[in-house]
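K.L.:
pasting the sequence and the predicted coordinates here, then a few questions.
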Amino acid sequence: EVQLVESGGGLVQPGGSLRLSCAASGFTFSDHYMDWVRQVPGKGLEWIGRIRNKAKSYTTEYAASVKGRFTISREEATNSLYLQMNSLKPEDTAVYYCARASSDSSGYYYFHYWGRGTLVTVSS
Amino acid sequence: DIQMTQSPSSLSASVGDTVTITCRASQGIRNHLAWLQQKPGKAPKSLIYAASSLQSGVPSKFSGSGSGTDFTLTISSLQPEDFATYYCQNNDGYPLTFGGGTKVEIK
């Protein structure tokens, strides 16, 4: 069974940093692209970024809203995905989800499995 | 960035009804579209990818269609567990973007 469990959320002051983790199990972690998606409570979904798999050299993509402030990484030895968030702003307050992507027949990667999310609150 | 516009933003329906949600992309995205379901307080659940392919375990009451800029999600024989918010998602290049959501409520 695929499981994704986020952790590391909490209250942080504006300008501060936080690192989120996502523990993955039930699948071959190194084979899959992984994403972070966030959701302001009561609002819609916003894609944060993606890290590709080993075959694609773990390259990354980011949304413009977080590029230069957030960094996605992964550790294959522990099947863990990370989101390092720096220079946090109140508008970064959201529930952060990790998601595993799966490819279709044409090689496009779609969200498939989701974690339950972890809440990050940026406030003084 | 490709903007995704869903309509309606909310709808009321009865158990047993069939409903259709539409999603329009601001430019052509071929068939690179997904649909997700989210219930209050829960993580999203992926329903459909590549516009019309069901994710594993998703019942056939959900169906998707469309290509280019116009897409639809149809839910047949609504059951209490189907009342949720549905999002379309552009998967044709970066950044990946979502529609604003359609809340399906019980009439």
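P.N.:
Everything's here; your move. Everything quoted here is computed from the prediction, not taken from an experiment.
K.L.:
would you mind naming what in chain B lies close to chain A?
P.N.:
B:1, B:32, B:34, B:36, B:38, B:42-46, B:49-50, B:53, B:55, B:87, B:89, B:91-92, B:94-101 (CB under 8 Å from any CB of the partner chain). The C-beta positions use only the backbone N, C-alpha and C, and glycine is treated the same way.
K.L.:
I'd like to know which of the residues you listed are buried.
P.N.:
Buried members of those, counted by 16 or more other CB atoms under 10 Å in any protein chain shown: B:32, B:34, B:36, B:38, B:43-46, B:49-50, B:55, B:87, B:89, B:91-92, B:94-101.
K.L.:
now, these that are in strands?
P.N.:
B:Ala34, B:Leu36, B:Gln38, B:Lys45, B:Ser46, B:Tyr49, B:Tyr87, B:Gln89, B:Thr97, B:Phe98 (DSSP state E).
K.L.:
pick out the residue nearest the middle of chain B.
P.N.:
By CA atoms, centre = their mean, chain B has its centre lying nearest to B:Trp35, at 3.8 Å.
K.L.:
how close does that residue sit to B:Ala50?
P.N.:
With distances taken as CB to CB, to the nearest Å, B:Trp35 is found 11 Å from B:Ala50.
K.L.:
what do you get for B:Gly101?
P.N.:
21 Å.
K.L.:
before we move on, what about B:Asn91?
P.N.:
To B:Ala50, B:Asn91 is 8 Å away according to CB to CB.
K.L.:
surely B:Gly28 meets B:Phe71?
P.N.:
No: B:Gly28 is not in contact with B:Phe71 according to CB atoms under 8 Å; the separation is 11.3 Å.
K.L.:
those two: which has the busier surroundings?
P.N.:
A count of neighbours by other CB atoms under 10 Å in any protein chain shown puts B:Phe71 above the other of B:Gly28 and B:Phe71, at 27 against 12.
K.L.:
direction included, what does the helix or strand hosting the more buried one pair against?
P.N.:
Under the criterion of DSSP states H and E, B:Phe71 resides in strand B:70-75. Sheet pairing for strand B:70-75, assigned by DSSP bridges, gives strand B:19-25 (antiparallel), strand B:62-67 (antiparallel).
K.L.:
can you lay out those as JSON lines showing mean pLDDT and mean neighbour count?
P.N.:
Output for the strands paired with strand B:70-75, formatted as JSON lines (pLDDT from 0 to 100; neighbours: other CB atoms under 10 Å in any protein chain shown):
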{"stretch": "strand B:19-25", "mean pLDDT": "98", "mean neighbour count": "19"}
{"stretch": "strand B:62-67", "mean pLDDT": "98", "mean neighbour count": "18"}
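K.L.:
in CSV: those, plus distance to A:Asn86.
P.N.:
Compiled in CSV, the strands paired with strand B:70-75 are given as follows (distance: least, CB to CB, whole Å):
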stretch, distance to A:Asn86
strand B:19-25, 33
strand B:62-67, 38
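K.L.:
helix/strand/coil for A:Ala77?
P.N.:
helix (DSSP: H, G, I helix; E, B strand; the rest coil).
K.L.:
residues in contact with B:Leu33?
P.N.:
If you count contacts by CB atoms under 8 Å, 6 or more residues apart in numbering or on different chains, B:Leu33 has them with B:Cys23, B:Ala25, B:Ala50, B:Ala51, B:Gly64, B:Gly66, B:Phe71, B:Cys88, B:Gln89, B:Asn90, B:Asn91, B:Asp92.
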